[in-house]
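S.K.: After the sequence you'll find the predicted model.
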Amino acid sequence: MTRVLSCVQPTGDVHLGNYLGAFRNWVSGQHEKDVFHGIVDLHALTVTEVPGVVGATTIDLAAILFAIGLDPDVATVFVQSHVPEHSQLSWVMECTVSYGELSRMTQFKDKTAKRENKFISAGLFTYPALQAADILLYDANEVPVGDDQRQHVEITRDIAIRFNHRFGETLVVPEAVIPAAGARVMDLQNPTSKMSKSDSTGAGCVMMLDDPAAIMKKFKRAVTDSESEVRYDVEAKPGVSGLLDILAAATGQSPQEAAEGYTQYGSLKVDTGEAVVAMLEPIQTRYRELIDDKAELARLLAVGAERARTVASVTLQRAYDAIGLLPA
Ligand code: TRP
């Protein structure tokens, strides 16, 4: 069966765009392929300076991923730092990638530019080596990634090919694949931009754990336009179309179907808000059960880590053996 690996950094609150645009597809995809989902807390260390934060965002994200329906019996959901092979293979990857290759990574240049006057860790520079380890440890065939991560999968392929050339066929060379199309979720206040926590004033971004009143308020205040016709037209009517995209995703229709019957923006906003509240309600209930039961969450993550290690430890040993490290 095709092995798929996707990872996410525990960077804090998950929003509707993360869910409808990506995570929901993880749930439907879990029955089609052999999926591994890592919560990559070690990657978050590249920019972490305060104790306790990463652990808290990690457990929160884990609770959300199980709450939306990732089934621990089917999908392997694990925390990166629970699987020490990631750090171990990462060093091997650092010694297989060149300084020049790492220097050419556009994300490194972007991230360091944004951290003007702030501490720039060496981890920010060597990050692609850890990501290569994440991918190669699982013999992943497919890595679904957006454009911003393609260069990281490319460098992983280059590293795997170089390793195999030096030390013999050892690592599976992965393929970057385009993720199954998720819903288009735009910021409610700034509907020509994707919903995003950092770019938004807050009012335009619906968090997965917002309570119903907060959700309704955000939808009622959504930016539309000065006309009154409800029609799906992304260019001419970005605000209305953004609402229709969300209503459609929440109710399983196309945006054009979702538009039918509406003559006013007010009722479209209320109905979209209510559809989102209804969609999130069972997820929030399950989330609260899980976050209040840390022992159960720990058990689920231990199952994931155990399954992940079963695969990762074999690959690490294969790599050590190929290099010819002295057996322990
Ligand atoms: N670098 C990715 C991001 O910032 C996260 C990530 C780490 C990842 N390891 C991965 C993604 C392995 C895919 C596969 O979003």
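M.R.: That came through fine.
S.K.: residues of the lengthiest helix in the chain that come out buried?
M.R.: Ranked by number of residues, the top helix in the chain under DSSP state H is helix 294-323. Of all the residues in helix 294-323, those buried under the rule 16 or more other Cβ atoms under 10 Å are 297, 300-301, 304-305, 307-309, 311-312, 315-316, 318-320, 322. Bear in mind the C-beta positions are built from the backbone N, C-alpha and C, glycine included.
S.K.: of those, closest to F66?
M.R.: Nearest to F66 among the buried residues of helix 294-323: L300, at 6.1 Å, using Cβ to Cβ.
S.K.: Pull up the per-residue confidence for the closest one.
M.R.: Per-residue pLDDT puts L300 at 98.
S.K.: packing partners for the helix or strand harbouring K218?
M.R.: According to DSSP states H and E, K218 maps onto helix 212-220. Counting by 3 or more Cβ pairs under 8 Å, 6 or more residues apart in numbering; DSSP states H and E, the packing neighbours recorded for helix 212-220 are helix 265-291.
S.K.: quick one, the helix it packs on and helix 212-220 angle?
M.R.: On the basis of axes from the mean of the first three to the mean of the last three Cα atoms, to 10 degrees, helix 265-291 is oriented at 150 degrees to helix 212-220.
S.K.: secondary structure class for L5?
M.R.: With DSSP: H, G, I helix; E, B strand; the rest coil as the basis, L5 sits in strand.
S.K.: hmm, back to that, quick one: is the longest helix of the chain near the ligand?
M.R.: No - Helix 294-323 does not reach the ligand (Cβ under 6 Å from any ligand atom); its nearest approach is 12.7 Å.
S.K.: just how off-centre is that helix within its chain?
M.R.: 20 Å (Cα atoms, centre = their mean, to the nearest Å).
S.K.: Which neighbouring elements make contact with that helix?
M.R.: strand 34-39, helix 53-67, strand 76-79, helix 85-94, helix 150-167, helix 265-291.
S.K.: which one of the ones you listed lies closest to C7?
M.R.: Checked against Cβ to Cβ, the stretch from the helices and strands packed on helix 294-323 lying closest is strand 34-39, at 4.0 Å.
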